[in-house]
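Participant: sequence-free structure coming up:
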């Protein structure tokens with residue numbers, strides 16, 4: 001399995017899990033997740049963008 005496929009599966013599973021728990025996956029997150037899948041950002045970048053979006057502390 002190549003890296004892009006692995007990332008796509010990780011994102012898909014995470015979004016599915018969030019939705020099963022009653023969460024909503026926003027369009028903004030989907031765009032950031034696509035950047036992650038495409039290799040434009042790494043996992044830390046995806047987490048950072050999400051935390052900034054919701055005004056959470058960043059490391």
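Facilitator: Great, that's in hand. Everything quoted here is computed from the prediction, not taken from an experiment. Numbers count the residues shown, from 1 in each chain.
Participant: got the contact list for the least confident helix or strand in the chain by mean pLDDT?
Facilitator: Ranking every helix and strand in the chain by mean pLDDT, DSSP states H and E puts helix 43-53 at the bottom, with a mean of 95. Helix 43-53 is touched from outside by 28-29, 32-33, 35-36, 41, 57-58, with contacts defined as Cβ atoms under 8 Å, 6 or more residues apart in numbering. Yep, even glycine has a C-beta here, placed from its N, CA and C like the rest.
Participant: that helix: which residues count as buried?
Facilitator: For helix 43-53, the neighbour count (16 or more other Cβ atoms under 10 Å) marks 46-50 as buried.
Participant: which of those residues lies closest to residue 2?
Facilitator: residue 46 (18.4 Å; Cβ to Cβ).
Participant: give the residue spans of this protein that score low on pLDDT.
Facilitator: By pLDDT under 70, the low-scoring segments of the chain are 59.
Participant: in it, which helix is the longest?
Facilitator: helix 3-20 (DSSP state H).
Participant: quick one: distance of the helix or strand that it is followed by to the chain centre.
Facilitator: Remark: after helix 3-20, the chain's next helix or strand is helix 27-37, criterion DSSP states H and E. Its chain's C-alpha centre and that of helix 27-37 lie 6 Å apart, by Cα atoms, centre = their mean, to the nearest Å.
Participant: give me the residues contacting helix 27-37.
Facilitator: Contacts for helix 27-37 (Cβ under 8 Å, 6+ apart): 4, 7-8, 11, 15, 41-43, 45-46, 49-50, 53.
Participant: so which bits of that helix are buried?
Facilitator: Those would be 29, 32-33, 36-37, for helix 27-37 by 16+ other Cβ under 10 Å.
Participant: before we move on, back to that, would you turn the contacts of helix 27-37 into TSV with distance to residue 22?
Facilitator: Formatted as TSV, those follow (distance: Cβ to Cβ, whole Å):
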residue	distance to residue 22
4	29
7	25
8	24
11	19
15	13
41	27
42	29
43	24
45	27
46	22
49	23
50	18
53	19
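Participant: do you know how far residue 28 is from residue 35?
Facilitator: 11 Å (Cβ to Cβ, to the nearest Å).
Participant: cool, residue 57 as well?
Facilitator: 22 Å.
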